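> coords below, sequence missing:
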């Protein structure tokens, strides 16, 4: 049976009335060095998320510039201060006061981006982090930072650590190094994708009357709770791995 026919048969509810759809679709095709490149659902969702974060950053910057010590901060500035202080505290608590200033900007931007992507499902978007093409590059960036700081601060000790505690552990230690981005990206991707699939099934299989009420509880767990947890886990692993690579040298 062709895949399209199989998908249409499996992901249909109540005949042909309502179709479950949680797939990535291509909308516009471009030619790039002779190859077809598509503007997909993921790209559109990411553009919306990035635009929202940039707009928030612009307004936050303006609010901070206009703030004066003798003026009571408004609600928006209070929210900005809460976000900044929370992220600074999270990074300092995990990496220590000496390492935190070097990485708080990256970890803060990473946290806000992943969280916004995970929560975008509340707006009816397909979360960009439900696409492995998004989570894997994020994990690769973290992995490059781990290796760079490991060689920068440990120098030859980074290579020596691959042969500890004995030479026979070298293959396992090497696999462990290269499996880090795979495990981090798959964890984030798998959790967000499973939530996307479950939400799509619920909306596709339930009568429309029930979808107006009951899935709200599902969104609280799959989008808000699970999305926030996975954001925290990814950023915490990033901080722990980078901090461990630096060691006590910084």
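Arrived safely, thanks for sending. None of these values were measured; they are calculated from a predicted model.

> Tell me the buried residues in the helix ranked longest in the chain?
When the chain is parsed with DSSP state H, its longest helix is helix 170-205. The neighbour-count check on helix 170-205 (16 or more other CB atoms under 10 Å) flags 177, 180-181, 184-189, 191-193, 195-197, 199-200, 202-204 as buried. To be clear about C-beta, it is placed using only N, CA and C from the backbone, and glycine gets the same treatment.

> could you say what helices and strands it packs with?
Secondary-structure packing of helix 170-205 (3 or more CB pairs under 8 Å, 6 or more residues apart in numbering; DSSP states H and E): strand 12-13, strand 18-19, helix 100-119, helix 132-154, helix 215-219, helix 226-246.

> Could you look up the next helix or strand downstream of that helix?
For helix 170-205, the succeeding helix or strand toward the C-terminus, using DSSP states H and E, is helix 208-211.

> can you give me the offset of that following helix from its chain's centre?
Chain-centre distance of helix 208-211: 30 Å, with CA atoms, centre = their mean, to the nearest Å.

> same question, stretch 127-138
Its chain's C-alpha centre and that of stretch 127-138 lie 7 Å apart, by CA atoms, centre = their mean.

> got the contact list for the nearest residue to residue 189 once chain neighbours are set aside?
Leaving aside its chain neighbours, residue 189 sits nearest to residue 135 (4.3 Å; criterion: CB to CB, 6 or more residues apart in numbering). By CB atoms under 8 Å, 6 or more residues apart in numbering, the contact set of residue 135 is 129, 184-186, 188-189, 192.

> Ok, residue 49 next?
113, 116-117, 120, 125, 128.

> which element is it on?
Secondary structure (DSSP H and E) places residue 49 in helix 41-66.

> and the helix or strand that comes right after that helix, what's its mean pLDDT?
Downstream of helix 41-66, the first helix or strand assigned by DSSP H and E is helix 75-95. Helix 75-95 carries an average pLDDT of 93.

> got it, and stretch 56-68?
Across stretch 56-68, pLDDT averages out at 91.

> can you check stretch 232-244 too?
94.

> how close does the residue nearest the centre of the chain sit to residue 176?
Taking CA atoms, centre = their mean, the centroid of the chain lies closest to residue 114, which sits 3.2 Å from it. Using CB to CB, to the nearest Å, we find residue 114 at a distance of 24 Å from residue 176.

> what's near enough to touch the closest residue to residue 224 other than its chain neighbours?
Sequence neighbours aside, residue 119 is the residue nearest to residue 224 in space, at 6.8 Å (criterion: CB to CB, 6+ apart). Residues near residue 119 by CB under 8 Å, 6+ apart: 223-224, 227.

> Show the pLDDT at the residue lying closest to residue 198 once chain neighbours are set aside.
Take residue 198 and drop its neighbours on the chain: the residue closest to it by CB to CB, 6+ apart is residue 222, 6.3 Å away. With respect to pLDDT, residue 222 has a value of 81.
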